[in-house]
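Peer 1: Below is the sequence, then the predicted model.
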Protein chains: 2
Amino acid sequence: MHDGDPTGGSQELPDRSPSHSVGVVATRYAHFAEPLTLRSGAVLPSFTLAYETYGRLNAARSNAILICHALSGDAHVAGFHTSDPDERPGWWDEAVGPGKMFDTDRFFVICSNVLGGCRGSTGPASSAPDGKLWGLRFPVVTVTDMVKAQARLLDHLGISRLFAAAGGSMGGMQALEWAVQFPQRVANVLFIASTPRSSAQNIAFNAIGRAAIVNDARWNHGDYASDAAPDGGLAVARMVGHITYMSDHSLETKFGRRLQGYEAIPYTLGEPEFAVESYLGYQGEKFVSRFDANSYLYITKALDYFDIADGYESLEAALATTEAGYLVVSFSSDWLYTEVQARELSEALRAVGRPVEEHRVQALYGHDSFLVEVETMTTIVGGYLVRQWEGEANALALKALAS
Amino acid sequence: MHDGDPTGGSQELPDRSPSHSVGVVATRYAHFAEPLTLRSGAVLPSFTLAYETYGRLNAARSNAILICHALSGDAHVAGFHTSDPDERPGWWDEAVGPGKMFDTDRFFVICSNVLGGCRGSTGPASSAPDGKLWGLRFPVVTVTDMVKAQARLLDHLGISRLFAAAGGSMGGMQALEWAVQFPQRVANVLFIASTPRSSAQNIAFNAIGRAAIVNDARWNHGDYASDAAPDGGLAVARMVGHITYMSDHSLETKFGRRLQGYEAIPYTLGEPEFAVESYLGYQGEKFVSRFDANSYLYITKALDYFDIADGYESLEAALATTEAGYLVVSFSSDWLYTEVQARELSEALRAVGRPVEEHRVQALYGHDSFLVEVETMTTIVGGYLVRQWEGEANALALKALAS
């Protein structure tokens, strides 16, 4: 997940009022001592997942929603970690809270950092059982493995069935994987700005990011100290990623050919001259302070591997095994995970008779639209969840009356 | 210019027959001892341009066409440098030769390596007057400067007026710049897969390529020996560029999710697993053997600076000073220099009353379409040139009859 702030963000203090925000929250850590067999066949002897929760699990344990994060996201979706009034909230704070699209007055929302990540869950930057950093000895992970690990977390929390698995970008891949891997454990899949399989172009952009990292002398075949990390290479990787999140229109309206602090072009190879260069450089620098380069390699590999039909004859064959209802949302200007990719999923779902509500949103901000178009997303996502929730409640009530 | 071989190319021996090819040609070098004042105000004390010519200049010296190359191109457009039957021809051999779109039976075709380049013309990899390499001491160049240098070459060749200035991508920028800088020296501008000004997204991709180079430890602030050059960073820059030349469709049909030499995904962080990764890596590696990293910095900067309205109140004001006729060709799947960018030029040309023939070609191969769609391009470009040539001849004949 990028920062959720692609438009530059407001300088106003964030609204911490209880009617608006989940308030101060803490990241928790669940340790799993049982080995996890991964898609590759490798076995991870044990692992930790960092997670946060918002709202309350109801008595029936039926109101849990798992939000899955994207490439660079983490468990901290909403609220604040401290009482510092300047602190920015979690990466999708606009989506999670009282009355928001994931309404914490009604739902119990969970988010965990993915396996292979570097934000509290076990990954290449974590210590291996021998006490040294895993580094490149860490086994390759897939979206399948991320979800398998999340299922352990749900067991730990005593949740047998999710009301919904939801996510944008790589989060949408995980939500979809939930339905295929655990058909009986998820009632609804919210698949947002995502793809049922990575395309050649998707893989190509990730490969470029990885090439930038491994070409950094400080990467040292994955063996680096955190204070001598390949920050330069990781920053370039982030710049590559970032440009795929924004539309041509976003960049043009936000920056165009505006200069950065100059009245006229200085004609120099040194400092950035155009505002868009300066912005991208800033995004790269900001990123390295919170992300591990090896983790970036692993997670982009997981993205590349993702094909929900993996292990099945076809996309339809994979989806035919699922029992969930689906919300599929795509954005017209998203050129990373396109409308065409989302439509491939919707059509396959219809072909196998799964219920699917599809929205193709006319939006200007590219892949970032799913974070930027808060009002539209609140209507679509919030509306879908409420309808499904009330539908399920009515069905249960009717069932109770009939018995 | 990329390789002109985005589809992987044929393994057949190239056709060297005189009815098809310009045959064996040699690069020549013109040295200019007079200082050149650049757009930035800096003065280049002297410079050399590498160039090639094909066909024959007619007695009236009226049949010269200047082909301008793109980012990574050079003076060797067509034909062969040796009699080695395995040698690949110049980068746009399909366009230049007997009966081809630039018909050497009729036209005298010239191409020179741009100022700032590294393929024989003076640039950062050349020796400065003090005998040391220019390196980053080389002054920043712009498309304006490239064209100013080309005008010196035309003076040297005794050509006062071009029948056409033509080019794709950065070559189109130079062709357009010819019309603005030297209104009386160019009769026709062939503007192909190009833009009248670099957009924020265009600049962003170039900035990423530059970041990859300067982050390479071997770059050493531009001070490196040719046998210890920042090849890794330059390769990443090339990968970034290359992906912008290809459409999503090209990558999907050529590679999709095909593996590179594996039956099943090996799940490794080492070697490329997907064919598209392997292809991009190969493109990067191949490029560094023929290109200089500092030159890549300078030429991408020239791309970023390019705005044909530079120094004028508006695009229209710049174009109103021109006296050429225009062919404007864009390709539907070109997301680097888009149909929208080309249309902005066409509309401005019409607004100021310049003759413009516009083609929006439905094509699948992205920016590369201008090299790939040979048949369509031969019809459009060859047809335009013949019509203009015959029109000019008729006009001259009528004028002669009338006097």
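Peer 2: Good, I have the coordinates.
Peer 1: What separation is there between the residue in the stretch 51-200 of chain A that chain B sits nearest to and residue B:280?
Peer 2: For the stretch 51-200 of chain A and chain B, the shortest gap (C-beta to the nearest C-beta) falls at residue A:200, measuring 3.8 Å. Quick note: C-beta positions are derived from backbone N, CA and C, even for glycine. Note on residue A:200: its distance to residue B:280, by C-beta to C-beta, to the nearest Å, is 10 Å.
Peer 1: who's more crowded, those two?
Peer 2: Neighbour count, other C-beta atoms under 10 Å in any protein chain shown: between residue A:200 and residue B:280, residue B:280 has more, with 29 against 26.
Peer 1: For that one, which residues are in contact?
Peer 2: A:204, A:207, A:208, A:211, B:239, B:242, B:243 (C-beta atoms under 8 Å, 6 or more residues apart in numbering or on different chains).
Peer 1: For the fourth one, what is the enclosing helix or strand?
Peer 2: What it means is residue A:211. According to DSSP states H and E, residue A:211 maps onto helix A:200-214.
Peer 1: what's the answer for the fifth one, then?
Peer 2: If you go by DSSP H and E, residue B:239 is part of helix B:231-245.
Peer 1: Whether that helix contacts chain A - can you check?
Peer 2: Yes - contact of helix B:231-245 with chain A (C-beta under 8 Å from any C-beta of the partner chain) involves B:232, B:233, B:235, B:236, B:239, B:240, B:243.
Peer 1: what's the neighbour count on residue A:84?
Peer 2: Neighbours of residue A:84 under the rule other C-beta under 10 Å: 9.
Peer 1: Equivalent analysis for residue A:376, please.
Peer 2: Residue A:376 has 17 nearby residues by other C-beta under 10 Å.
Peer 1: Same check on the one 5 residues further on?
Peer 2: Residue A:381 is surrounded by 23 other residues when neighbours are defined as other C-beta under 10 Å.
Peer 1: What of the one 10 residues further on?
Peer 2: One way to gauge burial is a neighbour count; for residue A:391, by other C-beta under 10 Å, it gives 11.
Peer 1: where does the stretch 101-250 of chain A have low pLDDT?
Peer 2: Scanning the stretch 101-250 of chain A for pLDDT under 70 picks out no residues.
Peer 1: Roughly how far does residue A:288 sit from residue A:194?
Peer 2: Distance from residue A:288 to residue A:194, by C-beta to C-beta: 26 Å.
Peer 1: Just want to know which of the two has more residues nearby.
Peer 2: residue A:194 (30 against 19).
Peer 1: I figured residue A:252 hits residue B:202, correct?
Peer 2: No - using C-beta atoms under 8 Å, residue A:252 is not in contact with residue B:202; the gap is 10.0 Å.
Peer 1: Looking at the two, which is more packed in?
Peer 2: When residue A:252 and residue B:202 are compared for neighbours, residue B:202 comes out ahead with 25 against 16, by other C-beta under 10 Å.
Peer 1: measure the more buried one to residue A:277 for me?
Peer 2: Residue B:202 is 11 Å from residue A:277, by C-beta to C-beta.
Peer 1: a helix runs through residue A:371, doesn't it?
Peer 2: Yes - counting by DSSP: H, G, I helix; E, B strand; the rest coil, residue A:371 is found in a helix.
Peer 1: Can you tell me, leaving aside adjacent residues, what's nearest to the residue of the stretch 1-150 of chain A found nearest chain B?
Peer 2: In the stretch 1-150 of chain A, the residue that lies nearest chain B is residue A:40 (3.6 Å; C-beta to the nearest C-beta). Spatial nearest neighbour of residue A:40, excluding adjacent residues (C-beta to C-beta, 6 or more residues apart in numbering or on different chains): residue B:267 at 3.6 Å.
Peer 1: what number of residues lie near that neighbour?
Peer 2: Applying other C-beta under 10 Å, we find 17 residues neighbouring residue B:267.
Peer 1: where's it, which helix or strand?
Peer 2: Counting by DSSP H and E, there is no helix or strand that carries residue B:267.
Peer 1: got the contact list for it?
Peer 2: A:39, A:40, A:41, A:42, A:139, A:140, A:142, A:305, B:273.
Peer 1: What's the separation between it and residue B:261?
Peer 2: For residue B:267, the distance to residue B:261 - C-beta to C-beta - is 15 Å.
Peer 1: Residue A:227 too?
Peer 2: Counting by C-beta to C-beta - residue A:227 and residue B:261 are separated by 38 Å.
Peer 1: quick one: which of those two has more around it?
Peer 2: Neighbour count, other C-beta under 10 Å: between residue A:227 and residue B:261, residue B:261 has more, with 10 against 5.
Peer 1: Get me the contact residues on the stretch 101-250 of chain A for chain B.
Peer 2: Residues of the stretch 101-250 of chain A lying close to chain B by C-beta under 8 Å from any C-beta are A:136, A:139-140, A:142, A:197-201, A:203-205, A:207-208, A:211-212, A:215-217, A:222, A:232-233, A:235-236, A:239-240, A:243, A:248.
Peer 1: Make a ChimeraX selection of the buried ones in those.
Peer 2: Filtering these down to the buried ones (16 or more other C-beta atoms under 10 Å in any protein chain shown) takes a single ChimeraX command:
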select /A:136,139,140,142,197,198,199,200,201,203,204,205,207,208,211,212,215,216,222,232,233,235,236,239,240,243,248
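Peer 1: Residue A:65 belongs to a helix?
Peer 2: No - applying three-state DSSP, one finds residue A:65 to be strand, outside a helix.
Peer 1: Report the separation between it and residue A:154.
Peer 2: With distances taken as C-beta to C-beta, residue A:65 is found 11 Å from residue A:154.
Peer 1: Now for the two: what residues contact both?
Peer 2: Overlap of the contact sets of residue A:65 and residue A:154 (by C-beta under 8 Å, 6+ apart) consists of A:110, A:162.
Peer 1: okay, those two: which has more neighbours?
Peer 2: residue A:65 (26 against 20).
Peer 1: Tell me the pLDDT of the more buried one.
Peer 2: Residue A:65 is assigned 98 on the pLDDT scale.
Peer 1: Quick one: the helices in the stretch 301-403 of chain A, in order.
Peer 2: Assigned by DSSP state H, counting those that start in this stretch, the helices in the stretch 301-403 of chain A fall at A:315-320, A:339-351, A:369-372, A:374-377, A:383-402.
Peer 1: List the buried residues of the third one.
Peer 2: Read it as helix A:369-372. Of the residues in helix A:369-372, A:369, A:370, A:371, A:372 count as buried by neighbour count, 16+ other C-beta under 10 Å.
Peer 1: Which other helices and strands does it contact?
Peer 2: strand A:325-331 (3 or more C-beta pairs under 8 Å, 6 or more residues apart in numbering or on different chains; DSSP states H and E).
Peer 1: which parts of the strand it packs on are buried?
Peer 2: A:325, A:326, A:327, A:328, A:329, A:330, A:331.
Peer 1: before we move on, back to that, just curious, which of the contacts of residue B:267 is nearest to residue A:98?
Peer 2: Residue A:98 lies nearest to residue A:142 out of the contacts of residue B:267, by C-beta to C-beta, at 35.6 Å.
Peer 1: Just give the nearest non-adjacent residue to the closest one, would you?
Peer 2: Distances taken as C-beta to C-beta, 6+ apart put residue A:39 closest to residue A:142, at 4.3 Å, once the chain neighbours are dropped.
Peer 1: My guess is residue A:319 contacts residue A:180. True?
Peer 2: Yes - between residue A:319 and residue A:180 there is a contact at 7.3 Å, judged by C-beta under 8 Å.
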